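Peer 1: Build me a model:
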Amino acid sequence: MILSVSGVVLLGIIVFLFFRKDGLKASHAMVCSLFGFYLAGTAIAPSITAGGASLAGLLGGIKF
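Peer 2: Numbering: from 1, shown residues only. All right, here's what the predicted structure looks like:
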């Protein structure tokens, strides 16, 4: 649960930065949000979740 919440916050910040800096229109952001919402209800959603968790584990293991 913590990973998904932090992932949503991170993606939200990225979308906000795109909106402010790169000219992302509000309609484009809405379409992306709806796409993600409907994609979450498909059969591929567990694979996407597993890939996100794997990427988070990889990034979390990096030592600076």
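Peer 1: could you point out which element follows the longest helix anywhere in the chain?
Peer 2: For the chain, the helix reaching the highest residue count under DSSP state H is reported as helix 2-21. Per DSSP states H and E, the first helix or strand lying C-terminal to helix 2-21 is helix 26-39.
Peer 1: what's the angle between whatever helix or strand comes next after that following helix and helix 26-39?
Peer 2: For helix 26-39, the succeeding helix or strand toward the C-terminus, using DSSP H and E, is helix 45-60. If you take axes from the mean of the first three to the mean of the last three Cα atoms, to 10 degrees, helix 45-60 sits at 110 degrees to helix 26-39.
Peer 1: Can I get helix 45-60 in PDB? Just the C-alpha atoms.
Peer 2: Output of helix 45-60 as PDB, limited to C-alpha atoms (Å, rounded to 0.1, in the frame of the first residue of the first chain):
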ATOM      1  CA  ALA A  45      -2.600  -4.600 -14.300                       C
ATOM      2  CA  PRO A  46      -0.800  -7.300 -12.100                       C
ATOM      3  CA  SER A  47       2.200  -7.300 -14.500                       C
ATOM      4  CA  ILE A  48       2.400  -3.500 -14.400                       C
ATOM      5  CA  THR A  49       2.200  -3.600 -10.600                       C
ATOM      6  CA  ALA A  50       4.900  -6.200 -10.400                       C
ATOM      7  CA  GLY A  51       7.100  -4.300 -12.800                       C
ATOM      8  CA  GLY A  52       6.700  -1.100 -10.700                       C
ATOM      9  CA  ALA A  53       7.500  -3.000  -7.500                       C
ATOM     10  CA  SER A  54      10.600  -4.500  -9.200                       C
ATOM     11  CA  LEU A  55      11.800  -1.100 -10.300                       C
ATOM     12  CA  ALA A  56      11.200   0.400  -6.900                       C
ATOM     13  CA  GLY A  57      13.300  -2.400  -5.400                       C
ATOM     14  CA  LEU A  58      16.000  -1.800  -7.900                       C
ATOM     15  CA  LEU A  59      16.100   1.900  -7.200                       C
ATOM     16  CA  GLY A  60      15.900   1.300  -3.400                       C
END
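Peer 1: Which secondary structure elements does it sit against?
Peer 2: Counting contacts by 3 or more Cβ pairs under 8 Å, 6 or more residues apart in numbering; DSSP states H and E, helix 45-60 packs against helix 2-21. (Glycine included, C-beta is placed from N, CA and C.)
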